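# Sequence plus the predicted model coming up.
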Amino acid sequence: MTTNTENQGNSLDIVKWGLVVILLAAAIIANQMYSEASVLVRAIGVVVAFAIAGFIALQTNKGKQALTFARESHIEVRKVVWPTRQEALNTTFIVLAATGILALILWGMDAVLLRIVNFITGV
């Protein structure tokens, strides 16, 4: 019994995703076809079509999973302990200093290796 229900839900999801694709394609095509119309009207039409397509997509199993994931991600981001401005500046200066030192070391190694190759090849 559950297998039959899952198959019906899956086939209905396929229809919903097809409708989403058709709506998005129609919005894009209509935007191109009515290029002489007001930009504001076309923009409102595209936004409305995208909103309807998004609403339909959220009614599918994958859409519900994506919405749940987004909500859980938002909760986790609020739990993050963000660095203070001073900590961020100190870390940035450390990274810049380390990058500069490494750049000087690589520049020096390049110059030495260039001289060795020039000496060996006689160029």
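Structure's in. What do you need?
# Could you measure from the residue nearest the centre of the chain over to I52?
Among the residues of the chain, the smallest C-alpha distance to the mean C-alpha position (Cα atoms, centre = their mean) belongs to A70, namely 13.2 Å. Taken as Cβ to Cβ, to the nearest Å, the spacing of A70 relative to I52 amounts to 19 Å. No exception for glycine: its C-beta is placed from N, CA and C like everyone else's.
# secondary structure class for R115?
Secondary structure state of R115, per DSSP: H, G, I helix; E, B strand; the rest coil, is helix.
# show me what contacts it?
R115 sits next to no residue when contact means Cβ atoms under 8 Å, 6 or more residues apart in numbering.
# ok, now how distant is it from G100?
Here the criterion is Cβ to Cβ. By it, R115 lies 23 Å from G100.
# Need the pLDDT of the residue nearest to T60 when sequence neighbours are not counted.
Computed as Cβ to Cβ, 6 or more residues apart in numbering, the closest residue to T60 that is not its neighbour in sequence is D13, at 4.4 Å. pLDDT, D13: 90.
# about what we covered before: what comes into contact with the host helix or strand of the residue nearest to the centre of the chain?
Counting by DSSP states H and E, the secondary-structure element that holds A70 is helix 61-79. Helix 61-79 is touched from outside by G9, N10, D13, A57, L58, with contacts defined as Cβ under 8 Å, 6+ apart.
# Report how many residues lie close to the closest residue to the last one other than its chain neighbours.
Going back to what we said before, that points to L58. Setting aside the residues directly before and after it, L58 is nearest to L67 in space (Cβ to Cβ, 6+ apart), at 5.9 Å. The burial metric for L67, expressed as a neighbour count using other Cβ atoms under 10 Å, is 12.
# Right, I'll call it a day here.
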